[in-house]
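Engineer: next input, structure requested:
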Amino acid sequence: MQAATQPAVVAALREALGPRVVQLPDEFADRKHSDASRMPCADPIALLRPGDTQEVATAMRICHAHRQPVVTQGGLTGLAGGACLLGGEVALSLERMRAIEAIDAVSATMTVQAGTPLQAVQEAADAAGFFFPLDLGARGSCSIGGNLATNAGGNRVIRYGMMRDQVLDLEAVLADGSVVGGLHGMIKNNTGYDLRNLLVGSEGTLAVITRVVLRLRPKPRAVSTAFCGLPSYEAVTTLLSRAQAMLPAGVSAFEVMWPSYCDFYLAKLPELRAPLAGRHAYYVLLESLGAAAERQAETFEAFLGTMLEEGIVEDAAVANSESDALAFWAVRDAPGENARVLPGRVSFDVAFAIAEVGEAARRCEAALRARWPQATILVYGHLGDGNIHIAVQQPDWPATAAREVQDVVYGVTGEMNGSVSAEHGIGTKRMHVLGLSRTPVEIAAMKAIRAALDPLGILNPGKVFR
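Structural biologist: Residues are numbered from 1 along each chain as shown. Next up, the predicted model:
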């Protein structure tokens, strides 16, 4: 693109920030802009790669003056289309803002820039003698800013909470270029409206998150992991409640897999090994993180022995090494290969009250099977927080089938007062079903907040709300 034909806003950005920050289309021609949602994505009219908060603020002031829409992008691992461009936007990538600025060992905090990969935070925390508990399969690619924008969950929500529970304060740039947030390192700060929690989960529609103070946890010294087979959903929920009450170190992960899930991936992925010899109605991957290795191993195995004696657990394999535990987790992480083994799938990330998850899954599968008898239907999830994933695929079905499948699963979700998005956000992919989990009054309140912080509607337009 020649300077003479540049949009005025691009020319203004280039003049103020220079070519290192502002790239033109011919300079990023081969760059990927879409996220992992498989939603349509346009190319930006310019790519902004600021190196600090002030450059973000300058860019936003210029875009605000020109009413130029901006889409903030992190690691592009999102599954809701929240980072995709609709056309005519500027893309603002925080990939150059990946500094770990400070670790406070006394306060147990870490201050990082928003473009820092999750895995880099985990490794820095470990090197400093701490533990950062958020963990996702995309840990090496996803950014802390993206984790904040989507309020990421992952495998350890049952013990440590969602991403918002890992944050003490954050800094962000509003649509007009104003900077908010004091980067306080306090756990208790009850001084008016909590802008931190307002911005976490806002999917880039309220501000551009630039820096954050993260809360670190004591490093676990012992990890106990078991792969269990259970006879019923009642046994699954009983195991969960008993584990939470009886294990001294508590429960750090409680992953449930339906039998069709294990059958499918063990058949499709020969590198996986079956942890148990027999077939069971449900499988649970149970993990407990603690501080005293020898005592924890004894109490963990004694607990499982009690569960076996009472018939709550039919069979169990305990990890005797890190490689054993990784082999168990490999079964649970198998959906990472879905692009290869389950192409054309329709996927869901829904949540229900824990007591209702079994019935919700049963109703979804029955309704799907009645419509598509030959479909592959896989159910699994983080049962400790009520979140289940459902993947549905039938070879050679028409393009219209995706919306029909959504109507079935989201219909059950709405009827059972569940959440249409447990941890990936709304983006563009779930806008049409937001009303199943939020009332018109709640949606109106959210729109009012958005209008107050971004009256011109330039931040990530066309996302969350229609």
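Engineer: okay, CA-based contacts and neighbour counts for the rest of this
Structural biologist: Noted.
Engineer: tell me the domain ranges of this protein?
Structural biologist: Per automatic domain parsing, the domain ranges recorded for the chain read 3-93, 100-218, 222-335, 342-424.
Engineer: save those domains as a markdown table, and put in distance to residue 454, mean pLDDT and mean neighbour count too.
Structural biologist: As requested, those are exported to a markdown table (distance: least, C-alpha to C-alpha, whole Å; pLDDT from 0 to 100; neighbours: other C-alpha atoms under 10 Å):
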| stretch | distance to residue 454 | mean pLDDT | mean neighbour count |
| --- | --- | --- | --- |
| domain 3-93 | 9 | 93 | 19 |
| domain 100-218 | 6 | 95 | 20 |
| domain 222-335 | 37 | 95 | 18 |
| domain 342-424 | 23 | 93 | 18 |
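Engineer: please, where are all the helices along the stretch 151-300 of the chain?
Structural biologist: 157-160, 195-199, 233-246, 259-268, 293-309 (DSSP state H, counting those that start in this stretch).
Engineer: ok, which of these comes nearest residue 321?
Structural biologist: In terms of C-alpha to C-alpha, the element of those nearest to residue 321 is helix 293-309, at 11.6 Å.
Engineer: please save the CA atoms from the next helix or strand after the closest one in PDB.
Structural biologist: Per DSSP states H and E, the first helix or strand lying C-terminal to helix 293-309 is strand 315-318. Extracted C-alpha coordinates of strand 315-318, given in PDB (Å, rounded to 0.1, in the frame of the first residue of the first chain):
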ATOM      1  CA  ASP A 315     -11.200 -49.800  39.500                       C
ATOM      2  CA  ALA A 316      -8.400 -47.300  39.900                       C
ATOM      3  CA  ALA A 317      -4.800 -46.800  38.600                       C
ATOM      4  CA  VAL A 318      -2.500 -44.600  40.700                       C
END
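Engineer: show me the contact partners of strand 315-318.
Structural biologist: The contact list for strand 315-318 (C-alpha atoms under 8 Å, 6 or more residues apart in numbering) reads 224-230, 275-276, 301, 304, 308.
Engineer: at 10 Å instead, please
Structural biologist: Applying C-alpha atoms under 10 Å, 6 or more residues apart in numbering, the external contacts of strand 315-318 come out as 224-231, 275-280, 283-286, 297, 300-301, 304-305, 307-308, 324-325, 328.
Engineer: if we can go back for a sec, dump the domains of the chain to CSV, plus distance to residue 449.
Structural biologist: CSV is the format used below for the domains of the chain (distance: least, C-alpha to C-alpha, whole Å):
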stretch, distance to residue 449
domain 3-93, 18
domain 100-218, 8
domain 222-335, 35
domain 342-424, 20
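Engineer: wait, which of the ones you listed is closest to residue 453?
Structural biologist: Nearest of the domains of the chain (C-alpha to C-alpha): domain 100-218, 6.1 Å.
Engineer: and that closest one, end to end?
Structural biologist: 19 Å (C-alpha to C-alpha, to the nearest Å).
Engineer: show me how far it is from its chain's centre.
Structural biologist: For domain 100-218, the distance from its own C-alpha centre to the chain's C-alpha centre is 13 Å (C-alpha atoms, centre = their mean, to the nearest Å).
Engineer: and the gap between the residue lying closest to residue 126 once chain neighbours are set aside and residue 133?
Structural biologist: Closest residue in space to residue 126, ignoring its immediate chain neighbours: residue 219 at 7.3 Å, by C-alpha to C-alpha, 6 or more residues apart in numbering. Applying C-alpha to C-alpha, the value for residue 219 to residue 133 is 9 Å.
Engineer: quick one: closest of the helices of the stretch 151-300 of the chain to residue 391.
Structural biologist: Comparing these under C-alpha to C-alpha, the one sitting nearest is helix 259-268, at 9.5 Å.
Engineer: which residue is nearest the middle of this protein?
Structural biologist: Note on the chain: the residue nearest the mean C-alpha position is residue 152, at 3.4 Å, using C-alpha atoms, centre = their mean.
Engineer: contact partners for that residue?
Structural biologist: Contacts of residue 152 (C-alpha under 10 Å, 6+ apart): 78, 134-136, 144, 146, 161-164, 200-201, 422-425.
Engineer: okay, how far is it across stretch 368-382, tip to tip?
Structural biologist: 22 Å.
Engineer: what do you get for stretch 19-29?
Structural biologist: OK, stretch 19-29 end separation, C-alpha to C-alpha: 15 Å.
Engineer: contacts only, for the nearest residue to residue 466 once chain neighbours are set aside.
Structural biologist: Spatial nearest neighbour of residue 466, chain neighbours left out: residue 431 (6.3 Å); criterion: C-alpha to C-alpha, 6+ apart. Counting by C-alpha under 10 Å, 6+ apart, residue 431 makes contact with 80, 420, 425, 462-466.
Engineer: farthest-apart pair in these, please.
Structural biologist: Spatial extent of those (C-alpha to C-alpha) is set by the pair 420 and 462 at 18.4 Å.
Engineer: what about residue 405, which SS state?
Structural biologist: Here residue 405 is recorded as helix under DSSP: H, G, I helix; E, B strand; the rest coil.
Engineer: was I right about it contacting residue 397?
Structural biologist: No. Residue 405 is beyond contact range of residue 397, at 11.0 Å (criterion: C-alpha atoms under 10 Å).
Engineer: what is in contact with these two at once?
Structural biologist: Listed contacts common to residue 405 and residue 397 are residue 372; contacts here mean C-alpha under 10 Å, 6+ apart.
Engineer: quick one: contacts for residue 362?
Structural biologist: For residue 362, the contact set (C-alpha under 10 Å, 6+ apart) comprises 356, 368, 379.
Engineer: next one: residue 105
Structural biologist: Applying C-alpha under 10 Å, 6+ apart, the residues near residue 105 are 125, 128-130, 216.
Engineer: can you redo these as CSV with secondary structure?
Structural biologist: Listed next are the contacts of residue 105 as CSV, based on three-state DSSP:
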residue, secondary structure
125, helix
128, coil
129, coil
130, strand
216, coil
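Engineer: between these, which sits nearest residue 186?
Structural biologist: Using C-alpha to C-alpha, those come closest to residue 186 at residue 216, 12.3 Å.
Engineer: just confirm the closest one contacts residue 123, I think it does.
Structural biologist: No. With contact defined as C-alpha under 10 Å, residue 216 and residue 123 do not form a contacting pair (11.9 Å).
Engineer: who touches both of these two?
Structural biologist: 129-132.
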